[in-house]
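Asks: Need a 3D model of the sequence below.
(one chain, ligands or ions: 1)
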Amino acid sequence: MTTRTAHAVHLTARPSGFPTPDGFARVSFPVPEPAPGTALVENLLLSVDPYHRGLMDGGEGGFDLHAPLEGRSVGRVLASRDPGLAEGDLVFHRSGWRTHALVTRGVDGTRPLPAHEGVPLEAYLSILGGTGLTAYAALTRTAALREGEDLFVSAAAGGVGTATGHIARLLGARRIIGSAGSAEKVRRLTGALGFDAAFDYHDGPVGEQLAQAAPDGIDVYVDNVGGDHLEGAIDSLREFGRIAWVGAISTYNADRAPAAPRNLFEVVHKSLRVEGVLVRHHTNLQEELEEFLVPHLRSGAVGTDTTVVQGFEHTVDAFLGMLRGENLGKMLVRLTD
Ligand SMILES: NC(=O)c1ccc[n+]([C@@H]2O[C@H](COP(=O)([O-])OP(=O)(O)OC[C@H]3O[C@@H](n4cnc5c(N)ncnc54)[C@H](OP(=O)(O)O)[C@@H]3O)[C@@H](O)[C@H]2O)c1
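Replies: Have a look, this model is predicted:
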């Protein structure tokens, strides 16, 4: 086994602003032998995520230079000396950005995948993974969306955004409005994804476009973008509206803090509630998420919205493409044919 070669992506330089491919290197090493208590996993699917960008800046908990990056992954056990994992098991773990890894059940969330018949593997890194869990926690806990309420979500055609649309519809939302970065994404949102209205945030001020799409206002905003999106949503929220603040991707590659929102005091005037959502504070909802969604995934009522880039050698391209908005649904990398 050790004669075979594994590959990993290392960060070789800290990005300044938007990352570039020359800050990464593909490094080869022998496929490791499992030590007692570990299992050797061959990765099948990798997740590339916006939060990886923040970790590339280093600091506490950030990525080290010249070491494999971390990321959610699904792999198959090739050999095991961990009594909790058997050869052939499909496992979720966090040793992504590499072709092979040694993992231990229960460490860092490593677990065998549940056997949900009829559910594609991609679902476990998208709508049934951290992405879907974020949307589910934002809607059912943070915003506590009620039947008949109107919702706006930004980065609506991405992983968290599409999951938010599906889950909100199942929870009985009335109007679902999304923003995205291209006309094609807007068409997809109001077409196959069933949004009631959508707009391209490049086409004019977000606040104005949202006011047109939701002339009577909104009850809940799931914020993936921050900045002027957050400002526009504050203007459109009705009294006692809620903001589930999930992310601020418009700021991740920026070299200065955003000017918006300039209307934060409206939070007081309208008795709004703004609350952050961090998925690792909601891992207790994983089973509930699966019970809620699996029947709809099986029936086809809810899709596994993903953009899958083929080949480990394109992992960095997939990551940069996701930051540029090249994905519809969750961006993943498939390692095998
Ligand atoms: N708090 C948590 O625990 C948690 C967990 C998961 C994700 N998140 C956050 O949720 C958000 C979405 O994450 P995701 O994994 O689902 O990624 P994603 O939405 O699938 O991909 C990122 C998307 O962001 C959009 N984008 C990039 N730059 C932008 C900008 N300047 N302004 C507006 N949109 C921009 C792009 O779509 P367009 O073509 O529409 O621009 C891109 O497709 C991110 O902010 C992420 O950090 C938070």
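Asks: Show me which helix runs longest in the protein.
Replies: What stands out as the longest helix in the chain, according to DSSP state H, is helix 286-299.
Asks: could I get that one in CSV with only the CA atoms?
Replies: The C-alpha trace of helix 286-299 is given here as CSV (Å, rounded to 0.1, in the frame of the first residue of the first chain):
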residue,chain,number,x,y,z
GLN,A,286,-28.0,17.0,12.6
GLU,A,287,-30.5,14.1,13.1
GLU,A,288,-33.4,16.4,13.1
LEU,A,289,-32.2,17.8,9.8
GLU,A,290,-31.9,14.4,8.3
GLU,A,291,-35.4,13.3,9.5
PHE,A,292,-36.8,16.5,8.1
LEU,A,293,-35.2,16.4,4.7
VAL,A,294,-34.5,12.8,3.7
PRO,A,295,-38.1,12.0,2.7
HIS,A,296,-38.1,15.1,0.4
LEU,A,297,-34.7,14.2,-1.1
ARG,A,298,-36.0,10.7,-1.8
SER,A,299,-39.2,11.9,-3.3
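Asks: Please name every helix or strand in contact with the next helix or strand after it.
Replies: Sequence-wise, the next helix or strand downstream of helix 286-299 (DSSP states H and E) is strand 306-310. Applying 3 or more CB pairs under 8 Å, 6 or more residues apart in numbering; DSSP states H and E, one finds that strand 306-310 makes contact with helix 315-324, strand 330-334. C-betas here are computed from N, CA, C, even on glycine.
Asks: Point out the most buried one among the ones you listed.
Replies: strand 330-334 (a mean of 25; mean count of other CB atoms under 10 Å).
Asks: Between helix 315-324 and it, find me the angle.
Replies: 170 degrees (axes from the mean of the first three to the mean of the last three CA atoms, to 10 degrees).
Asks: I'd like the distance from strand 330-334 to the chain centre, please.
Replies: 10 Å (CA atoms, centre = their mean, to the nearest Å).
Asks: Give me the sheet partners of that strand and which way each runs.
Replies: Using DSSP bridges, strand 330-334 pairs in its sheet with strand 39-47 (antiparallel), strand 306-310 (parallel).
Asks: quick one: the last one near the ligand?
Replies: If I follow you right, that is strand 306-310. No. In terms of CB under 6 Å from any ligand atom, no part of strand 306-310 sits within range of the ligand; the closest distance is 8.4 Å.
Asks: Please apply the same query to the longest one.
Replies: No. With CB under 6 Å from any ligand atom as the threshold, strand 39-47 lies outside contact range of the ligand, at a closest distance of 8.2 Å.
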